[in-house]
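Undergrad: this one's sequence-less:
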């Protein structure tokens, strides 16, 4: 720009000497505008060259693996449209849900209809029939861009391993000397205090030991069966053993008797240890209604999965107990991608047998691919329900960059017979016109053309969609076709 200014300044000085100020301004100002215009067009052309060259490379990569011409053109358009001036109104860049006019050559490729690299579908049977009749012709369409909806997929209920919760764990607990009896005289009958296991525990076996004159003095283990005390064991002499306790016994005690004969030293009976089964919480859940997950989502997109679950646990689900539902993501190789996702906790108490609808907020992975979504209940700070043998919900979900788009036409006419079909903005790029694909032998080539606008809208004055003189920039790329 300093060089350009210097030239203009020198020219102005020379002209001023001969013609005066008016002549200087009259001659140098148009020249200055021309030089600025030429420089601007040059910069645009250089930038366009870089973009169309990259677009050609992207297109040839797709063409080399057997993609259709329509798919290649659409790929090229996705590179050109966001970057080049005047190409913003290429049909494939239309916003979803807004009304547009689309004009171009209607072609059929692999059973689908295309205009300017965009798939076209009729909004009704009659419009679709009209489109079929116009194949191979320039058409004018009115309609909206829409995204291909991949729909919903039912989540499978995957059974868990056999229940672990509720089987209980065996523990040996001490009785603290409460069941120990000693005799220091003849003809006595002693009975200990009753001993009860910890709350929720079941008595399995009792360690019974003692010493007395064999056949004359006796040590007893007794149990309470809910209505009376019954003898569980009666021993004499020296003994040290574990005695099995039948079900239904909730308390135990010992008893010691002596007669008038010899008194052994020591004479005693004791039950120092008891083996009990500590009953844990039983976990269980049922999914009586089919839950639905999206078959496909955009990368990083958030969505909600609604799940109705029935409480089959031995305890209530409460907000204070922080029972909720969360999610995990696994990739196509079964490797966890995201573990321990966001939860939806119960807001009200759900007793055993009651049901609750969870609305789980889920965020898709940030990279495209095929994933498995897993939903599982969690008791915060305690366990995942799957670890207790409960079923989980699973679904295969495709995570994509974007959904396939198509143009849904509400009306279709042959362009030569329908002047009302005019693009809203003049475009300097049309995939059908400006992308040339050639295949020779085992090589494929893609040429991309971009028409740099001249900024002189001469055609507008004539009522035509042309810009007058323009510069065409080309980008080419070629590659060997990969064997199919």
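TA: Looks like it came in fine. Computed from a predicted model, the values in this text were never measured in an experiment.

Undergrad: every contact and neighbour count from this point should use C-alpha atoms.
TA: Fine.

Undergrad: what residues are up against the closest residue to residue 55 other than its chain neighbours?
TA: Leaving aside its sequence neighbours, residue 55 sits nearest to residue 76 (C-alpha to C-alpha, 6 or more residues apart in numbering; 5.0 Å). Residue 76 makes contacts with 55, 56, 58, 59, 431, 435, 448, as judged by C-alpha atoms under 8 Å, 6 or more residues apart in numbering.

Undergrad: against residue 280, how distant is residue 391?
TA: Applying C-alpha to C-alpha, to the nearest Å, the value for residue 391 to residue 280 is 19 Å.

Undergrad: those two: who's more crowded?
TA: Taking other C-alpha atoms under 10 Å, residue 391 and residue 280 do not tie; residue 391 has more neighbours (22 against 15).

Undergrad: and that one, what does it touch?
TA: Per C-alpha under 8 Å, 6+ apart, neighbours of residue 391: 157, 158, 159, 160, 285, 286, 376, 385.

Undergrad: correct me if wrong: the third one contacts residue 390.
TA: Yes: in this structure residue 159 lies within contact range of residue 390 using C-alpha atoms under 8 Å: 6.7 Å.

Undergrad: so what's residue 266 up against?
TA: Contacts of residue 266 (C-alpha under 8 Å, 6+ apart): 182, 183, 211, 212.

Undergrad: report the mean per-residue pLDDT for the host helix or strand of residue 57.
TA: Assessed by DSSP states H and E, residue 57 sits inside helix 21-63. Averaged across helix 21-63, the pLDDT comes to 74.

Undergrad: quick check: next helix or strand after that helix?
TA: Per DSSP H and E, the first helix or strand lying C-terminal to helix 21-63 is helix 69-80.

Undergrad: check which element follows that following helix along the chain.
TA: strand 99-109.

Undergrad: so which bits of the very next helix or strand once past that next one are buried?
TA: Next along the chain after strand 99-109, taking DSSP H and E as the criterion, comes strand 112-115. Within strand 112-115, the residues scored as buried using 16 or more other C-alpha atoms under 10 Å are 113, 114, 115.

Undergrad: out of those residues, which comes closest to residue 232?
TA: residue 113 (88.3 Å; C-alpha to C-alpha).

Undergrad: from residue 479, how far off is that closest one?
TA: In terms of C-alpha to C-alpha, residue 113 sits 27 Å off from residue 479.

Undergrad: likewise for residue 310?
TA: 59 Å.

Undergrad: okay, these two: which has more neighbours?
TA: A count of neighbours by other C-alpha under 10 Å puts residue 310 above the other of residue 310 and residue 479, at 19 against 16.

Undergrad: what does the helix or strand harbouring the more buried one contact?
TA: Here residue 310 is covered by strand 302-311, with elements defined by DSSP H and E. Under the contact criterion C-alpha under 8 Å, 6+ apart, strand 302-311 has outside partners 284-293, 317, 350-364.

Undergrad: same question, stretch 333-347
TA: Residues contacting stretch 333-347 (C-alpha under 8 Å, 6+ apart): 317-319, 322-331, 356, 358-362, 365.

Undergrad: can you give me the buried ones in it?
TA: Per 16+ other C-alpha under 10 Å, stretch 333-347 contains these buried residues: 341, 343, 344, 345, 346.

Undergrad: which of those residues fall in strands?
TA: Of the buried residues of stretch 333-347, the ones assigned to strands by DSSP state E are 344, 345.

Undergrad: quick one: which of the buried residues of stretch 333-347 is nearest to residue 254?
TA: Comparing the buried residues of stretch 333-347 against residue 254 with C-alpha to C-alpha places residue 346 closest, at 48.8 Å.

Undergrad: from residue 444, how far off is the closest one?
TA: Applying C-alpha to C-alpha to residue 346 and residue 444 gives a distance of 60 Å.

Undergrad: the contacts of strand 302-311, buried ones only, as a PyMOL selection?
TA: To isolate in PyMOL the members of the contacts of strand 302-311 that are buried, counting by 16+ other C-alpha under 10 Å, one can use:
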select buried, resi 284+285+286+287+291+292+293+317+350+351+352+355+356+358+359+360+361+362+363+364
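
Undergrad: pLDDT score for the residue nearest to residue 55?
TA: pLDDT, residue 76: 85.

Undergrad: residue 3 now?
TA: 55.

Undergrad: now the contacts of residue 266 in JSON lines, with neighbour count, secondary structure and distance to residue 136?
TA: Formatted as JSON lines, those follow (neighbours: other C-alpha atoms under 10 Å; DSSP: H, G, I helix; E, B strand; the rest coil; distance: C-alpha to C-alpha, whole Å):
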{"residue": "182", "neighbour count": "18", "secondary structure": "strand", "distance to residue 136": "111"}
{"residue": "183", "neighbour count": "21", "secondary structure": "strand", "distance to residue 136": "114"}
{"residue": "211", "neighbour count": "22", "secondary structure": "strand", "distance to residue 136": "110"}
{"residue": "212", "neighbour count": "27", "secondary structure": "coil", "distance to residue 136": "113"}
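
Undergrad: residues contacting residue 286?
TA: The contact partners of residue 286, taken as C-alpha under 8 Å, 6+ apart, are 309, 310, 311, 312, 391.

Undergrad: one more time with 10 Å, if that's ok
TA: 157, 308, 309, 310, 311, 312, 313, 353, 355, 390, 391, 392 (C-alpha atoms under 10 Å, 6 or more residues apart in numbering).

Undergrad: closest to residue 275 out of the residues you listed?
TA: residue 313 (26.0 Å).

Undergrad: mind listing what the closest one touches?
TA: 165, 166, 281, 282, 283, 284, 285, 286, 351, 352, 353.

Undergrad: part of a helix, is the third one?
TA: No: judged by DSSP: H, G, I helix; E, B strand; the rest coil, residue 281 forms no part of a helix; its state is coil.

Undergrad: what's the neighbour count on it?
TA: The burial count for residue 281: 14, using other C-alpha under 10 Å.

Undergrad: ok, it to residue 323 distance?
TA: Distance from residue 281 to residue 323, by C-alpha to C-alpha: 14 Å.

Undergrad: reformat the contacts of residue 286 as JSON lines; add pLDDT.
TA: Shown next, in JSON lines, are these (pLDDT from 0 to 100):
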{"residue": "157", "pLDDT": "92"}
{"residue": "308", "pLDDT": "97"}
{"residue": "309", "pLDDT": "96"}
{"residue": "310", "pLDDT": "96"}
{"residue": "311", "pLDDT": "95"}
{"residue": "312", "pLDDT": "92"}
{"residue": "313", "pLDDT": "91"}
{"residue": "353", "pLDDT": "93"}
{"residue": "355", "pLDDT": "96"}
{"residue": "390", "pLDDT": "93"}
{"residue": "391", "pLDDT": "94"}
{"residue": "392", "pLDDT": "95"}
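
Undergrad: which one of those sits closest to residue 196?
TA: Looking across these and measuring by C-alpha to C-alpha, the closest to residue 196 is residue 313, at 26.3 Å.
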